[in-house]
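# Please find the sequence and the predicted model below.
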Amino acid sequence: MQNKLKTTLKNLNAVMLITTAALLQVSTANAHTEVTTAAAKQVQASCQCFSVQVYGQGPAIILIPGLASSGVVWQSTVEALKDKYQLHVLTLAGFAGVAPLAQKHWPHGYIATQQQAILDYIEQNKLNKPIVIGHSLGGFIALSLAVNNPEHITAAINVDGLPALGELFKQSAASSFEAPNNAFDPVAMAKSMTNNTDWQQRIVADMKRSDGMTSGRVMGELMQQDLRPVLNKITVPVLTLGALLNGAPYSTPEQVQASYEKQLENAPKAYHQIVYAPDSRHFIMADAPEWLNSQIALFLAKLPVTY
């Protein structure tokens, strides 16, 4: 029990560092990724909730990056899938150089606003039940769509996201919390998320191009979300890909796996499966891109074809 408490406190320390970092970042660029369909431009004009790049032809897939990340994180997946699928790669408002969305435009929360914007995008582009793939925050959104809007999607893939991130950091342990250093080191944070040095630089660059207020508020909002009670509403195929080194060195792979299985135990086994990347930190696409893309391809091959 004492070891588990220490693990929880260390994880809380790491997440507090992420939140602090997000609040300290200042957006230094507002470059928008080119939107490649007329319908997508209409959505952007009315919502400005995300930028989009579209690649390939075939059944539609929507790819959502995580907090303070660019759609470029999906580059290897795009290369692996673009010959068979039409890939709609998002970068969410306020992240990685995309202009932030004024808070008055998300009165019901950033996550709910983005989820509705994705549903609007599906309708505007006349996409026939696309597959949704998300990483981290994007993984939570993919899970939420599978729970709340299964009639609009064919399936969802959750890459290292949790349905209740805040559950890891209960307030009952706060009295023993070890406060993070005041001097935040974005490079150290990036190193905790991937072992790939090139990706560490990319993560830091995306953080610096993200809007600090958006990042901080969205992280706080995500910490309050809890999909666990409604996971039993899932009626479409869902794949979760977990990174067993995500908690290193404070959590063992066994502890990480147990946390995933506990949080997702309410998802129907007929629709949901979990597969673990044994040697990857949080950014599986950086540490194990071939493994990630092979797992995605295996999952997609079992789905009905939709156009």
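Arrived safely.
# how about the helices in the stretch 51-200 of the chain?
75-81, 110-124, 137-148, 186-193, 197-208 (DSSP state H, counting those that start in this stretch).
# Return the most buried member of those helices.
helix 137-148 (a mean of 25; mean count of other CB atoms under 10 Å). From N, CA and C alone the C-beta is placed, and that goes for glycine too.
# Dump that one to PDB, restricted to CA.
Output of helix 137-148 as PDB, limited to C-alpha atoms (Å, rounded to 0.1, in the frame of the first residue of the first chain):
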ATOM      1  CA  LEU A 137      -6.300  14.100 -24.800                       C
ATOM      2  CA  GLY A 138      -7.200  12.900 -28.300                       C
ATOM      3  CA  GLY A 139      -7.600   9.400 -27.000                       C
ATOM      4  CA  PHE A 140     -10.000  10.600 -24.300                       C
ATOM      5  CA  ILE A 141     -12.100  12.400 -27.000                       C
ATOM      6  CA  ALA A 142     -12.100   9.200 -29.100                       C
ATOM      7  CA  LEU A 143     -13.400   7.300 -26.100                       C
ATOM      8  CA  SER A 144     -16.000   9.900 -25.400                       C
ATOM      9  CA  LEU A 145     -17.300   9.800 -29.000                       C
ATOM     10  CA  ALA A 146     -17.500   6.000 -28.800                       C
ATOM     11  CA  VAL A 147     -19.500   6.400 -25.500                       C
ATOM     12  CA  ASN A 148     -21.800   9.300 -26.400                       C
END
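# could you check the angle helix 110-124 makes with that helix?
70 degrees (axes from the mean of the first three to the mean of the last three CA atoms, to 10 degrees).
# Give me the residues contacting helix 137-148.
With CB atoms under 8 Å, 6 or more residues apart in numbering as the test, helix 137-148 has contacts from 63-67, 90, 92, 111, 114-115, 118-119, 132-134, 152-153, 155-163, 165, 218, 222, 225, 227, 230-231, 233-234, 236, 238, 240.
# quick one: it to chain centroid distance?
The chain centroid and the centroid of helix 137-148 are separated by 9 Å, computed with CA atoms, centre = their mean, to the nearest Å.
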